[in-house]
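Undergrad: pasting the structure only:
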Ligand SMILES: N=c1c2ncn([C@@H]3O[C@H](COP(=O)(O)OP(=O)(O)OP(=O)(O)O)[C@@H](O)[C@H]3O)c2ncn1[C@@H]1O[C@H](COP(=O)(O)O)[C@@H](O)[C@H]1O
């Protein structure tokens, strides 16, 4: 992973944690933390986005595959923040396998 990629993931995760802690109005991220379905809303989004990734790959839609992958990674990071885990936990796990 390049330094730029790491920086953007860290910045995105820090923004997600801010939205979780401050719950600003109009924030999609904040709406996931206050959703009436609780964590299930985010889990459902992860399922939907994973399906969209699969369909884009099957259809060889390369731009769509990148966009849907970004949606999936974003929702995965939201889930980690919901579970009081961090992007550093994810990084450590990946590094341990490297
Ligand atoms: N990276 C993302 C990001 N990726 C995807 N999404 C949202 O995830 C949703 C994906 O849903 P879908 O693809 O199903 O599209 P949809 O039709 O809007 O779906 P529904 O929400 O209506 O079910 C969209 O509403 C996207 O806007 C994101 N929303 C926010 N971020 C990041 O989070 C930061 C904080 O954003 P706010 O929470 O909006 O302040 C932003 O600066 C971005 O960097």
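TA: On my side now, so go ahead. Keep in mind that what you see is a predicted model, and the values were worked out from it rather than measured.

Undergrad: now residue 66: how far from residue 42?
TA: 21 Å (Cβ to Cβ, to the nearest Å). (Each C-beta comes from the backbone N, C-alpha and C, glycine too.)

Undergrad: How about residue 28?
TA: To residue 42, residue 28 is 11 Å away according to Cβ to Cβ.

Undergrad: So the two - more neighbours on which side?
TA: Taking neighbours as other Cβ atoms under 10 Å, residue 28 and residue 42 compare with residue 42 leading, 20 against 9.

Undergrad: Torsion angles phi and psi at the more buried one?
TA: phi -70, psi -40 (degrees, to the nearest 10).

Undergrad: now check stretch 79-96, is it near the ligand?
TA: No: Stretch 79-96 stays clear of the ligand (Cβ under 6 Å from any ligand atom), getting no nearer than 11.1 Å.

Undergrad: I'd like the mean pLDDT over that stretch, please.
TA: Across stretch 79-96, the average pLDDT comes to 96.

Undergrad: got a list of contacts for that stretch?
TA: 9-10, 13, 16-17, 20, 32-33, 39, 42-43, 46, 77 (Cβ atoms under 8 Å, 6 or more residues apart in numbering).

Undergrad: Grab the most central residue of the chain for me.
TA: residue 74 (2.1 Å; Cα atoms, centre = their mean).
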